[in-house]
Each structure stands twice: as C-alpha cells, then as structure tokens.
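J.: Pasting the sequence and the predicted coordinates here, then a few questions.
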Amino acid sequence: MALPLLVLMVLGCTPDVMNFYAQERETALAVATDVPAGWKPDAAIGIASSDLADAMAVVITTAVASNPELTLPLPLGIQASFRPDLAVRRVKIAATTDCAACFSLDIALSGSARWEAGPATGSVPISASATAIIGVAIRDGSVVEAKPRRIGSLSVEVPSLGNLRVNASGPLQEWLRSTLANKIPAIRIATLDTDALPVRDLRLSTTSERLELEILSDVPGAVALRALPAPAHGVEVALSEGVVTGLARRAAFRAGTLDMDIAVDPRSIEVDADTFTMDLRLWRLVGRGWWRDYLVNGKISVASGAKSRLSLVATNATETAASPGALFVDPVAAIFQSKILDAIVDAMNRTMPAQAQQKVIGVAMSARATDARGLDDALHLYGTLDVVQPP
C-alpha cells in the first residue's frame with residue numbers, strides 16, 4: 001500500500017500544467033487597443049535627411065525634365081520657344097515650424113536653355129534657387145509619403161536671348177514655380193507591414209537630421225524605446241525588447257504544439273551587440289503535462305548579398321528549471337521547428353522601406369539591410385536607402 005500512496009502524493013503535487021499553459025497563452029495572445037495620451041514609442045523608424053534629400057533631387061530633376069517648353073511673346077505677334085534643361089545641383093533639408101511632420105528644402109538648380117525665334121536660335125546658361133515646405137503624412141494607416149505643401153522663395157537668372165528684346169526671367173520663374181508646386185509626385189518613403197508589426201498608433205516628426213516614424217505596437221506592456229533611431233545615413237529600425245518578446249510569444253502560441261506534443265514559449269528576449277539571450281520554456285501538453293526552462297543564447301547578424309536580411313540563430317541552451325517528471329527535449333530544435341525567431345526577423349525586415357516591387361506613384365525608397373545589433377534594450381536594424389523610379 002505504501003507505493004500507491006507515494007504515487008498519489010507525487011501526482012497530487014504535480015503542477016496543473018494545462019491550466020498554467022492556458023493562462024500563459026491568453027496573456028501572450030492579448031492585444032492592446034487603448035492609445036494613451038502622450039504615449040511613448042516602443043518601435044520606430046529613422047530615415048536620414050541626406051537620403052530624403054537624394055530622393056527629392058531625383059523627383060525635382062524628373063519633374064523639371066518632363067515639363068513642356070515655354071512660349072515667350074515677342075513684338076509684332078512673334079513668339080519664341082524656350083526649352084529649359086535644368087538639373088538639381090543641391091538639395092538641403094532643414095527643420096521648419098510649419099508642422100511637426102514637415103521639413104524645408106533649399107534647392108539649387110543649373111543648366112541651359114535652347115531658344116528659337118523664327119530663324120534665330122541660341123542657347124543661354126540658366127540657374128535657379130528655391131525653397132519649399134515638404135509635408136510627410138501617413139496614408140491608409142501604413143503608407144508614409146512626402147509631397148510639397150507650398151513653395152517659398154524663388155529666383156532665376158537668365159541672360160538676354162541674343163538680340164531679342166525679351167526678358168525670360170519672369171516666365172521661367174513662373175514655369176519653375178508651377179513645376180515645383182504641381183509636377184512633383186508623392187514620394188513613398190515606407191509602407192509598414194502591419195501584419196508583421198501590428199500597430200496601435202503612429203506619429204511622425206522631423207528634424208534637420210532625420211525623419212522619425214514613431215510606433216506604438218499592440219503588444220501589451222511593452223516598454224518604450226530608451227533612444228529613438230538616429231541614422232547619420234540610410235535607415236534604422238528599432239524594436240524594444242518587449243515588442244521583440246511579444247511578437248515571438250504570439251508566434252509560439254499561435255503555432256500550438258509541435259512534435260511530441262511540445263509547445264514553445266519564449267518568455268523573455270534580451271539583445272546585446274551581436275547576441276541575444278532567451279528565457280525559453282518548453283511545455284509538454286499531454287496527460288498532466290510538464291515544462292522545462294532553458295536559457296538560450298544566439299547570434300544576431302545580417303546576411304550579405306543582394307537580398308540581405310536580418311538573421312537570428314539560436315546556438316546553445318542551458319537548462320535552468322523543470323517541473324516533476326519532465327523529459328529531455330532539444331530546445332534548439334524546438335525553436336527552429338516553431339519558427340518563433342522568424343516572427344522577429346519578418347517584423348524587422350518587412351518594416352524596412354522596400355517598395356521596389358510595388359506599383360507606386362512617383363519614386364520610392366528601397367532599403368537594403370547592412371547591420372543589426374542590440375542596443376539600449378532594443379533590437380536595431382540598419383540599412384542603406386536607394387531611390388527607386390518605377391516605369
């Protein structure tokens with residue numbers, strides 16, 4: 001009788017694993033919907049002003065080249081044609097008080113113009129300078145676009161057209177003003193994939209150094225970023241460790257059980273430089289069940305090549321605790337099978353501006369990841385930006 005009694009006592013002390021797992025699943029799959037006043041971002045994207053300036057230079061050059069020639073009235077009802085060929089020499093971005101998501105452009109252009117008036121023809125050098133206010137807005141809750149709000153100062157310099165008694169400066173100035181105001185299409189800076197990174201709210205702000213897209217994820221209780229992205233060049237995406245953990249836990253509990261009725265639960269993830277550490281629990285969800293806890297270490301890197309992507313790879317694990325009767329299961333294999341790290345990778349890679357394969361109006365920014373690291377309790381992904389001109 002002693003043995004059965006001992007078995008009953010052991011079983012009676014076994015934790016209610018199924019109930020514990022159900023509670024953890026409910027917590028992991030919870031979605032925050034409230035938007036607190038004065039919220040602080042737990043994810044963000046920063047784009048350097050120099051890259052935005054490069055995009056604006058391409059847009060302005062294209063707009064000027066596509067605008068039709070001018071017609072200049074001459075005495076006796078004669079008209080002269082005037083074909084400007086201008087290229088952007090400089091675009092400089094600066095902060096402005098027009099709006100929180102605006103920046104000012106200082107534009108310098110130069111080139112030449114071919115003119116014809118009957119049999120007379122010629123070419124003259126031209127130069128121009130202008131200022132403009134560019135507004136950045138979020139369309140459809142996910143598309144970040146920039147487009148002109150107003151044109152400020154504008155001046156042009158055009159010498160005399162041979163012996164013709166005509167001043168082309170005034171007409172050219174109006175032609176350029178109309179071009180900058182009406183011919184510049186929207187620039188698609190980024191498109192957030194809200195499936196990969198669910199968003200509660202977005203907020204835009206600009207400085208003379210960068211455009212910042214601040215994100216409030218729908219991960220409950222995620223701690224705000226300690227520092228916003230501040231790229232000197234290109235783009236930088238940051239997710240706080242709370243968001244990283246929340247995305248991984250959702251992926252794990254949505255995946256359910258794997259081989260041997262094992263479920264994976266990444267309870268916390270910390271990132272530091274090129275490494276990450278994960279507090280991982282494996283649940284066995286059959287019979288009365290059991291759990292085992294591990295401390296998992298891994299590497300953070302970016303694969304080189306044309307299709308560079310963030311990579312998180314678990315390398316080793318150390319057991320830290322277990323419930324009674326827990327059997328051994330390879331935790332690294334379970335991580336790989338559950339694809340929980342893929343959820344983090346997808347969120348970061350699909351948040352980078354990358355519109356090259358999408359049909360867009362005007363131009364778009366296309367990013368290529370170059371580096372990643374853990375910094376200030378957040379996972380940061382860095383990349384270069386190119387201007388993409390669709391046909």
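T.: All right, it came through fine.
J.: What strand or helix carries Glu26?
T.: Using DSSP states H and E, Glu26 falls within helix 17-28.
J.: hmm, who's touching that helix?
T.: Identification of contacts with helix 17-28 by Cβ atoms under 8 Å, 6 or more residues apart in numbering yields 246, 249-250, 252-253, 263, 265, 283-285, 288-291, 323. Using the backbone N, CA and C atoms, a C-beta is placed for each residue, glycine as well.
J.: what do you get for stretch 35-42?
T.: 200-201, 203, 214-217, 219, 222-225, 228, 239-240, 242-243.
J.: mind listing what's buried in that stretch?
T.: By neighbour count on 16 or more other Cβ atoms under 10 Å, the buried set for stretch 35-42 is 41-42.
J.: got the end-to-end distance for that stretch?
T.: Using Cα to Cα, to the nearest Å, the end-to-end distance of stretch 35-42 comes to 13 Å.
J.: quick check, distance from stretch 197-212 to the centre of its chain.
T.: Relative to its chain's centre, stretch 197-212 lies at 9 Å (Cα atoms, centre = their mean, to the nearest Å).
J.: Only alpha carbons, please: show that stretch as CSV.
T.: Below are the C-alpha coordinates for stretch 197-212, written out as CSV (Å, rounded to 0.1, in the frame of the first residue of the first chain):
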residue,chain,number,x,y,z
LEU,A,197,4.3,44.5,-36.8
PRO,A,198,0.7,45.2,-35.5
VAL,A,199,0.3,48.9,-34.8
ARG,A,200,-1.9,50.8,-32.4
ASP,A,201,-0.9,54.3,-33.4
LEU,A,202,1.7,56.2,-35.5
ARG,A,203,3.3,59.6,-35.1
LEU,A,204,5.7,61.5,-37.4
SER,A,205,8.2,64.1,-36.6
THR,A,206,11.1,65.7,-38.4
THR,A,207,14.4,67.4,-37.5
SER,A,208,17.2,68.8,-39.7
GLU,A,209,18.9,65.4,-39.4
ARG,A,210,16.2,62.9,-39.9
LEU,A,211,12.6,61.9,-40.3
GLU,A,212,11.2,59.8,-37.4
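J.: In it, which residues are buried?
T.: Buried residues in stretch 197-212, defined by neighbour count with 16+ other Cβ under 10 Å: 197-200, 202-206, 209-212.
J.: wait, what's in contact with the residue lying closest to Thr277 once chain neighbours are set aside?
T.: In this structure, Thr277 finds its nearest non-sequential neighbour in Glu270, 4.9 Å apart by Cβ to Cβ, 6 or more residues apart in numbering. Counting by Cβ under 8 Å, 6+ apart, Glu270 makes contact with 241, 276-278, 374, 377.
J.: Among those, name the ones in helices.
T.: Glu241 (DSSP state H).
J.: and the contacts of Glu270 as JSON lines, adding neighbour count?
T.: Converted to JSON lines, the contacts of Glu270 look like this (neighbours: other Cβ atoms under 10 Å):
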{"residue": "Glu241", "neighbour count": "22"}
{"residue": "Phe276", "neighbour count": "24"}
{"residue": "Thr277", "neighbour count": "15"}
{"residue": "Met278", "neighbour count": "25"}
{"residue": "Gly374", "neighbour count": "20"}
{"residue": "Asp377", "neighbour count": "17"}
